[in-house]
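Asker: fold the following and give me the result.
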Amino acid sequence: LSRGHVGALFDFTRGLQQLPGVANVESIVNLDAGMTKEQYQFLYANPEAVTDPEVRAGLGLLAKGRAALVSVATGYNPSSEEAKALVRAVRQVSVGGDLRSYTGGAAAELMDVVDDLYTVFPRALLLIVVTTYLALLIQFRTPVLPAKAVLMDGLSILASYGALVIIFQDGHLSSLLGFRPEGVVDATVPIVMFCVLFGLSMDYEVFMLSRVKEEYDACGDNAQAVARGLERTGGIITSAALIIVIVAGSFAFTDIIVIKALGIGMALAILMDATVVRALLVPATMHLLGRWNWYAPRRRD
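Answerer: Numbering: from 1, shown residues only. This is a model prediction of the structure:
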């Protein structure tokens, strides 16, 4: 340990101690509050000569090779905004010299994982939506129905997100469902739910629209085609959705909050999709759009 490294580490830890929310800082230069920077530099000029057992124990725990551990203690919940703000403040404190600092711990790990997830997730979402739209465009040969299908699928997913906030973030129904609200929704839940629910909802949508298109090709009447398509597919869609709602809803009885949130969120989304969206909004929208449902550029016709 050079004098410069010890001095830079000493200044760094004193800077950390001044941050709001920091309860205590532990490092090889915080073993004795009465020692000065110069005394630590003199002490560690020859670490092998250190005879104090407490100092030697501290050295063994807090330093090894070219690395030194600085432990910052705080009373903040790792998932709270205060903890995230403290992590950002710690990362802004300069170490000095040629030293580099890396910030870990529960709060920093949670922050970094969420940042990475939601940096990539919008790209994945865009890829899924665009690919789905193009596939439906090729199948139905009209730009209107694919756009409507994507929007309708989004409604049930957004509704389930709102339910997750009300139940698991705000804590409503927590006593009935048997869990202790943490004030947040796990960052992985919305992503997993979107991937699963978008595929399930689109299955129902394609199944119904394919039947409607068959009727429209046969009779050329939009209202009649929508009515017959809903009549022929409504029972099958409802039965399939009921099975998924029962299976996903059973996860509500687990003690793991993430699994509980996934199960309840998916059950509510499928229930909303099979009733309000698929049985009411989709037929009503197609009826209002009329022949615009089947609009296609002249060349495509």
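Asker: every contact and neighbour count from this point should use C-alpha atoms.
Answerer: Noted.
Asker: where do the strands sit along the chain?
Answerer: Applying DSSP state E to the chain gives strands spanning 22-26, 63-64, 67-68, 71-74.
Asker: partners of the last one in the sheet?
Answerer: Right, strand 71-74. Each strand that strand 71-74 pairs with, and the sense of that pairing, follows from DSSP bridges: strand 22-26 (antiparallel).
Asker: give the buried residues for the strand it pairs with.
Answerer: Within strand 22-26, the residues that qualify as buried by neighbour count (16 or more other Cα atoms under 10 Å) are 22, 25-26.
Asker: any chance of those residues in JSON lines, plus distance to H287 and pLDDT?
Answerer: As requested, the buried residues of strand 22-26 are arranged in JSON lines below (distance: Cα to Cα, whole Å; pLDDT from 0 to 100):
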{"residue": "V22", "distance to H287": "62", "pLDDT": "92"}
{"residue": "V25", "distance to H287": "67", "pLDDT": "91"}
{"residue": "E26", "distance to H287": "69", "pLDDT": "90"}
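Asker: just put those in JSON lines and tack on distance to I167.
Answerer: As requested, the buried residues of strand 22-26 are arranged in JSON lines below (distance: Cα to Cα, whole Å):
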{"residue": "V22", "distance to I167": "32"}
{"residue": "V25", "distance to I167": "37"}
{"residue": "E26", "distance to I167": "39"}
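Asker: with these in mind, which one is nearest to K84?
Answerer: Comparing the buried residues of strand 22-26 against K84 with Cα to Cα places V22 closest, at 12.7 Å.
Asker: how close does F198 sit to V247?
Answerer: 18 Å (Cα to Cα, to the nearest Å).
Asker: now F194. Nearest residue, chain neighbours left out?
Answerer: Using Cα to Cα, 6 or more residues apart in numbering and skipping residues adjacent in sequence, the residue nearest F194 is I157, 6.7 Å away.
Asker: am I right that that neighbour is in contact with F198?
Answerer: Yes - using Cα atoms under 8 Å, I157 is in contact with F198, at 7.5 Å.
Asker: between the two, which one's more packed in?
Answerer: I157 (26 against 19; other Cα atoms under 10 Å).
Asker: gap between that one and A241?
Answerer: Between I157 and A241 the computed distance is 15 Å (Cα to Cα).
Asker: one more: L99?
Answerer: As it turns out, when the distance is counted by Cα to Cα, L99 lies 58 Å from A241.
Asker: same question for D217.
Answerer: D217 sits 28 Å away from A241 when distances are taken as Cα to Cα.
Asker: higher neighbour count, those two?
Answerer: The neighbour count for D217 versus A241, taken as other Cα under 10 Å, is higher for A241 (23 against 12).
Asker: can you give me the helices in the protein?
Answerer: 3-17, 37-43, 53-62, 81-92, 106-140, 144-164, 174-177, 188-219, 222-249, 257-272, 282-289 (DSSP state H).
Asker: tell me which of the ones you listed sits most buried.
Answerer: Between the helices of the chain, helix 257-272 has the highest mean count of neighbours, a mean of 22, where neighbours are mean count of other Cα atoms under 10 Å.
Asker: which residues of this protein score low on pLDDT?
Answerer: Residues of the chain that meet the criterion pLDDT under 70 lie in 1, 47-50, 298-301.
Asker: which one is the residue positioned nearest the centre of it nearest to, not counting chain neighbours?
Answerer: Note on the chain: the residue nearest the mean C-alpha position is A187, at 2.8 Å, using Cα atoms, centre = their mean. Counting by Cα to Cα, 6+ apart, the nearest residue to A187 once its immediate chain neighbours are dropped is V114, at 6.3 Å.
Asker: same thing with P190?
Answerer: Leaving aside its chain neighbours, P190 sits nearest to Y161 (7.0 Å; criterion: Cα to Cα, 6+ apart).
Asker: dump the strands of the chain into CSV; add distance to Q92 as well.
Answerer: As requested, those are arranged in CSV below (distance: least, Cα to Cα, whole Å):
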stretch, distance to Q92
strand 22-26, 15
strand 63-64, 22
strand 67-68, 18
strand 71-74, 14
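Asker: circling back: and the helices of the chain as a markdown table, adding distance to V70?
Answerer: Supplementary listing: the helices of the chain in a markdown table, determined by distance: least, Cα to Cα, whole Å:
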| stretch | distance to V70 |
| --- | --- |
| helix 3-17 | 8 |
| helix 37-43 | 15 |
| helix 53-62 | 7 |
| helix 81-92 | 11 |
| helix 106-140 | 14 |
| helix 144-164 | 37 |
| helix 174-177 | 38 |
| helix 188-219 | 30 |
| helix 222-249 | 44 |
| helix 257-272 | 32 |
| helix 282-289 | 58 |
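Asker: out of these, which is closest to G75?
Answerer: Judged by Cα to Cα, the one of these that comes nearest to G75 is helix 81-92, at 8.7 Å.
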